[in-house]
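*Asks:* Here is my input, please return the structure:
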Amino acid sequence: MSYSWNAKDYSQHSAGQERWARELIPLLDPHPDDRILDIGCGDGRVTAAIAALVPQGSVHGIDSSADMIAHARSTSASIANLTFEQRDALALGYENEFTAIFSNAVLHWIRDQKTVVHQIARALRPSGRVLVQCGGRGNAQGVIDSFTRVASRNRWSKYFTQFQSTYAFYSDLEYADWLKEAGLAVDELGLIPKDMIHSDVAAFKGWVRTAWHPYTSPVPETDRDEFIDEATREYADAYPPDGQGRFHVTMIRLQFRAHKLASF
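*Replies:* Below is the predicted model of the structure:
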């Protein structure tokens, strides 16, 4: 399922995702002449930061959202070694093209992540490396539980009669099998707990609005703000803000670094 993205709104409420992505970049170990693919580039800010580290190379960002790609292109037109394209991660279609692949906070949007792993392996050159972080087993369970309780109430239940989240949070054990099958040798693989902090209720609500489409999109747009307000109150009741009014969300990130075996 595809969702309607507001690229400007996302840019204003994705500070947590961007901060974690920038922290990941050194683990990718960009080489000056790398040819890098950024899967799920979003608004392109992190992709541009990577491009600055490969002055003799290039970076290609892809995203399934046309709005995101248009925004990324408009804000980075002056960067010569950076390109963007609308493309689905399940159908990358590249073969032996990239020396490195990067992806942050994206793959959990896709249920069939095994296919994406095989697409990544095919897109890498021999010995090429990949670094991925996404939501893992148990990610943001408090937020999901809050949505579930609100969606079960009479006011909202009619919109969720056949609901199935398009999010998929897998374990490191499942990924270990998929990476091996795809011909990728694991350099690092594990689940990492992180505390995502939102400065106040408005910031938390903005994040819910821009990042939780699987749970908010079933509600008609005319009623969606009301639904988000109720889900926000539900979360605040279960996980009250701290003494500074900040909202904390326990996130579980699945992270792996791997490289393509020369024999594949």
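
*Asks:* From here on, just use CA atoms for contacts and neighbour counts.
*Replies:* Will do.

*Asks:* quick one: average confidence on the helix or strand that residue 205 is a member of?
*Replies:* Take DSSP states H and E as the rule and residue 205 turns out to sit in helix 201-211. Averaged across helix 201-211, pLDDT comes to 94.

*Asks:* Against which helices or strands is it packed?
*Replies:* helix 7-12, helix 221-238 (3 or more Cα pairs under 8 Å, 6 or more residues apart in numbering; DSSP states H and E).

*Asks:* Give me the secondary structure label for residue 56.
*Replies:* Three-state call for residue 56 (DSSP: H, G, I helix; E, B strand; the rest coil): coil.

*Asks:* pLDDT weak spots in the chain?
*Replies:* For the chain, the stretches flagged by pLDDT under 70 are 1-17, 263-264.

*Asks:* rerun that using 80 as the cut-off
*Replies:* The chain contains residues with pLDDT under 80 at 1-18, 263-264.

*Asks:* Quick check: most distant residue from the centroid of it.
*Replies:* residue 154 (31.9 Å; Cα atoms, centre = their mean).

*Asks:* Check the spacing between that residue and residue 117 real quick.
*Replies:* In this view, residue 154 and residue 117 are 41 Å apart by Cα to Cα, to the nearest Å.

*Asks:* repeat for residue 254
*Replies:* For residue 254, the distance to residue 117 - Cα to Cα - is 14 Å.

*Asks:* Go ahead and list the helix or strand containing residue 177.
*Replies:* Using DSSP H and E, residue 177 falls in helix 172-181.

*Asks:* just checking, what packs against that helix?
*Replies:* helix 113-123, strand 184-198.

*Asks:* That helix to strand 184-198, inter-axis angle?
*Replies:* With axes from the mean of the first three to the mean of the last three Cα atoms, to 10 degrees defining the directions, helix 172-181 sits at 140 degrees from strand 184-198.

*Asks:* one step back: can you classify the residue farthest from the centre of the chain as helix, strand or coil?
*Replies:* With three-state DSSP as the criterion, residue 154 reads coil.

*Asks:* From residue 180, how far out is it?
*Replies:* Residue 154 is 47 Å from residue 180, by Cα to Cα.
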